[in-house]
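> just to be clear, the model below is a prediction. Sequence and coordinates:
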Number of protein chains: 2
Amino acid sequence: MNEVEERGANSNSAARSKPAAIQRVSIVSQLVDLLGDRIRDGDYQPNSKLPSGEALAQEFNVSRATVRAAINVLATHGVLRRMNGVGVFAAPNPGVSNSLNEPTDFYRLIQQNNHQPGVENINSMLFKPSPTVRQELGMGSADEAVMTWKVFTADGSPVIYCENTIAVSTLGETLARELKQTPTLNDSLFGFLEERCGLTTSHVLAEISVSRAEECDFPGFDYSDGTPVLVIKETGIDTNEKPIWHSVELYPNNSIRFGLLRRR
Amino acid sequence: MNEVEERGANSNSAARSKPAAIQRVSIVSQLVDLLGDRIRDGDYQPNSKLPSGEALAQEFNVSRATVRAAINVLATHGVLRRMNGVGVFAAPNPGVSNSLNEPTDFYRLIQQNNHQPGVENINSMLFKPSPTVRQELGMGSADEAVMTWKVFTADGSPVIYCENTIAVSTLGETLARELKQTPTLNDSLFGFLEERCGLTTSHVLAEISVSRAEECDFPGFDYSDGTPVLVIKETGIDTNEKPIWHSVELYPNNSIRFGLLRRR
DNA sequence: TAGTGGTCTAGACCACCAC
DNA sequence: TGGTGGTCTAGACCACTAC
């Protein structure tokens, strides 16, 4: 019997009988979770060799190709390392943050930088975005959007200034009104869009630049002159290749450090 | 007959008889090149639909899995877009730069920013690196390294200040001496290491931060106070998971813009 | 030489989308 | 309903590494 969940038509019809929590989880992603757990739990010690691909395939009763796909994911995340002809090893330092490669929750980002996360100064408004943002989101010139902005703190000090813009047409009138009145709703933007709007962000197009604090336009952003600011502008793309949100994030004074894995 | 090159034992023994240019090119990467060429040449117009995976598999006489792997690569590079149940399409805007995801040659990076690239002020020295760099490169406290530093220009103006450090033990005494005397050797660091040292950089661990110009230590870096600087520190990792080079790059005053594709 | 990861194949079944 | 991409399998052969 598979250690991974039954799949295909079976799990699908099972999901249909329980419409509350539809989820079709691929074998690969289940395997990723299982192997990741074993590493976190110390079943596979840092630098130790994992069972061979063939052995894992037999253990989980899946094909070797599936095992390889899962190992691929974990290797890309820096959790596993593969050596040709030798084996697959648990990475020596699994705690390395890899934040820029994937869109990360701000809370987790601050925790990864070893600080206590918090949020302050949450606001929202209904407005007509700038032409630049309108174009990014494919909006007409008369269309309105909801913008929420907030400040994330680390150990009480502000470290991330963030504004999110979502078109009213994307949210729908009801949700737009709700979000405007309760901007805390999208504390996790991804979760909010998935659970409330059925919109999945498949990837994010980002642009990284630097600026001086005095050139940054953000309420309450009162750093002294000359403070350098890392600026990340992002556009979230959904599974239909349509842009669904836009955000501007300011990281002043190097308080948050970003890691990045670059592959050829 | 395959449109892609013969492979496996055949191409291998062929390569052995011509040891001058050993190269074993996978079918997938050949397919990536072929499809990429067709897009660049306009055979597949922007937004147009490509032949189905099955059709491409037949055309190139390979399996559908191989076609999918190649399409994966091109989709990750933003050249193709896949829509479930519909087809694969050439991206509408193939010119989007994606520089931060993969280590990029500085020349190409400057060209991507629509400027004429150049190099100035090339120097090199033999030295004992700082403890930080020593640790990054796994060097002993007595080991020496070759550092080369240079300034890249866009339309004649300096835009990238870069220093590369490689341990003498990595290069070997002869090459280290040669590199110290002729720092232009590593104009393309990747090419130099592969062709001269047989070292392939499989991936790069980078750290992104910001700084003020006056805090940056680089010869000839004389920006006026308050200029913000994007700092990227990189460590190149070879196929044996060993760090082989370290570099520090300064991008002052937002003259180079970085794009980034973030995936969940 | 044995064991490992790397690559590729042929085929199967599924979900999704347009007609 | 038919065509498409998404997933998974079983098996084959290869190159690389260590013994």
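On my side now, so go ahead.
> do you know the pLDDT at A:Glu173?
With respect to pLDDT, A:Glu173 scores 89.
> and it, how far is that from B:Ala75?
35 Å (Cβ to Cβ, to the nearest Å). The way it works is simple: take the backbone N, C-alpha and C, and place the C-beta from them, glycine included.
> which one of the two has more residues nearby?
Counting neighbours by other Cβ atoms under 10 Å in any protein chain shown for A:Glu173 and for B:Ala75 shows that B:Ala75 has the greater number, 16 against 9.
> helix, strand or coil: sort out the more buried one for me.
For B:Ala75, the secondary structure call by DSSP: H, G, I helix; E, B strand; the rest coil comes out as helix.
> list the beta-bridge partners for the residue nearest to it when sequence neighbours are not counted.
Excluding the flanking residues, the one nearest B:Ala75 by Cβ to Cβ, 6 or more residues apart in numbering or on different chains is B:Arg82, at 5.6 Å. In this structure, B:Arg82 has the following beta-bridge partners (DSSP bridges): B:Val88.
> so what's B:Arg82 up against?
B:Ile71, B:Ala75, B:Val88, B:Phe89 (Cβ atoms under 8 Å, 6 or more residues apart in numbering or on different chains).
> what does chain A put close to DNA strand C?
The interface of chain A toward DNA strand C, taken as Cβ under 7 Å from any atom of the strand, is made up of A:8-9, A:12, A:24, A:50, A:52-55, A:64-65, A:68, A:71, A:82-88, A:240.
> and the residue of the stretch 51-200 of chain A found nearest DNA strand D, what's its pLDDT?
Residue of the stretch 51-200 of chain A nearest DNA strand D, by Cβ to the nearest atom of the strand: A:Gly85 (2.3 Å). A:Gly85 is assigned 94 on the pLDDT scale.
> next one: A:Ile22
51.
> quick one on the thing from earlier: where's the dip in pLDDT among the contacts of B:Arg82?
B:Ala75 (91).
> how about low-confidence regions in chain A?
Low-confidence segments of chain A, defined by pLDDT under 70: A:1-24, A:94-98.
> interface residues of it facing DNA strand D?
Taking Cβ under 7 Å from any atom of the strand as the measure of proximity, chain A contacts DNA strand D at A:7, A:26-28, A:61-66, A:69, A:83-86.
> give me the buried subset of the residues you listed.
When the residues of chain A next to DNA strand D are checked for burial by 16 or more other Cβ atoms under 10 Å in any protein chain shown, the buried set is A:Ile27, A:Val28, A:Val62, A:Thr66, A:Ala69.
> so which of these comes closest to DNA strand C?
A:Ala69 (9.8 Å).
> give me the residue from the stretch 151-264 of chain A nearest DNA strand D.
A:Thr239 (9.4 Å).
> quick one, what contacts the closest residue to that residue other than its chain neighbours?
Residue nearest to A:Thr239 in three dimensions, not counting chain neighbours: A:Ser202, with 4.7 Å by Cβ to Cβ, 6+ apart. By Cβ under 8 Å, 6+ apart, A:Ser202 lies in contact with A:Ile237, A:Asp238, A:Thr239, B:Arg263, B:Arg264.
> test my guess that the fourth one contacts A:Asn101.
If I follow you right, that is B:Arg263. Yes. Look at B:Arg263 against A:Asn101 with Cβ atoms under 8 Å: they come within range, at 7.4 Å.
> quick one, which of those two is more surrounded?
Between B:Arg263 and A:Asn101, counted using other Cβ under 10 Å, A:Asn101 has the larger neighbour count: 22 against 13.
> contacting residues around the spatially closest residue to that one that is not a sequence neighbour?
When the adjacent residues along the chain are set aside, A:Asn101 lies closest to A:Leu261, with 5.6 Å between them (Cβ to Cβ, 6+ apart). Neighbour list for A:Leu261: A:Thr76, A:Gly78, A:Asn98, A:Asn101, B:His203, B:Val204, B:Leu205, B:Ala206 [criterion: Cβ under 8 Å, 6+ apart].
> give me the element A:Ile232 is part of.
Secondary structure here is read from DSSP states H and E; on that basis A:Ile232 sits in strand A:228-238.
> keeping just the C-alphas, turn that strand into PDB.
Provided in PDB are the C-alpha atoms of strand A:228-238 (Å, rounded to 0.1, in the frame of the first residue of the first chain):
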ATOM      1  CA  PRO A 228      19.400  53.700   1.500                       C
ATOM      2  CA  VAL A 229      16.200  51.800   0.700                       C
ATOM      3  CA  LEU A 230      15.700  48.500  -1.100                       C
ATOM      4  CA  VAL A 231      12.600  48.800  -3.300                       C
ATOM      5  CA  ILE A 232      10.800  45.700  -4.700                       C
ATOM      6  CA  LYS A 233       7.900  46.200  -7.000                       C
ATOM      7  CA  GLU A 234       5.900  43.100  -7.700                       C
ATOM      8  CA  THR A 235       3.100  42.000  -9.900                       C
ATOM      9  CA  GLY A 236       1.300  38.800  -9.000                       C
ATOM     10  CA  ILE A 237       0.300  36.600 -12.000                       C
ATOM     11  CA  ASP A 238      -2.500  34.000 -11.700                       C
END
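> what's the angle from that strand to strand B:228-238?
Note on geometry: by axes from the mean of the first three to the mean of the last three Cα atoms, to 10 degrees, strand A:228-238 and strand B:228-238 are set 60 degrees apart in direction.
> so how far is the following helix or strand past strand A:228-238 from its chain's centroid?
Toward the C-terminus, strand A:228-238 is succeeded by strand A:243-252 as the next helix or strand (DSSP H and E). Using Cα atoms, centre = their mean, to the nearest Å, we find the averaged C-alpha position of strand A:243-252 to lie 13 Å away from the chain's own average C-alpha position.
> okay, helices next: where are they in chain A?
Across chain A, reading from the start of the chain, the helices by DSSP state H fall at A:8-17, A:27-40, A:53-60, A:64-76, A:106-112, A:131-136, A:168-171, A:173-181, A:189-197.
> so which elements touch the last one?
Right, the one you point to is helix A:189-197. The criterion is 3 or more Cβ pairs under 8 Å, 6 or more residues apart in numbering or on different chains; DSSP states H and E, and the helices and strands that helix A:189-197 contacts are strand A:201-212, strand A:243-252.
> and the angle from it to strand A:243-252?
For helix A:189-197 and strand A:243-252, the angle between their directions (the same axes, to 10 degrees) works out to 150 degrees.
> check the offset of helix A:189-197 from the chain's centre.
A distance of 12 Å separates the C-alpha centroid of helix A:189-197 from that of its chain, computed with Cα atoms, centre = their mean.
> next, the buried residues of that helix.
For helix A:189-197, the buried set under the neighbour-count rule, 16+ other Cβ under 10 Å, comprises A:Leu189, A:Phe190, A:Phe192, A:Leu193, A:Arg196, A:Cys197.
> grab the nearest non-local neighbour of the first one.
Pointing back at A:Leu189 there. With sequence-adjacent residues excluded and distances taken as Cβ to Cβ, 6+ apart, A:Leu189 is closest to A:Asn164, at 5.9 Å.
> using the record's assignment, carve chain A into domains.
Per automatic domain parsing, the structural domains of chain A span A:8-90, A:99-252.
> what's the burial count for A:Phe60?
Applying other Cβ under 10 Å, I find that A:Phe60 has 19 neighbouring residues.
> that one and A:Leu34 touch, don't they?
Yes. With contact defined as Cβ under 8 Å, A:Phe60 and A:Leu34 form a contacting pair (7.5 Å).
> spatially nearest residue to the residue in the stretch 101-250 of chain A that DNA strand C sits nearest to (excluding sequence neighbours)?
Nearest residue of the stretch 101-250 of chain A to DNA strand C: A:Asn240, at 6.9 Å (Cβ to the nearest atom of the strand). Once flanking residues are discounted, A:Asn240 sits nearest to B:Met83: 7.3 Å by Cβ to Cβ, 6+ apart.
> need the contact list for that neighbour.
Neighbouring residues of B:Met83 by Cβ under 8 Å, 6+ apart: A:Asn240, A:Glu241, B:Phe89.
> for beta bridges, what are the partners of A:Ala145?
Per DSSP bridges, residues listed as beta-bridge partners of A:Ala145: A:Phe127, A:Ala167.
> with that, I have no additional questions.
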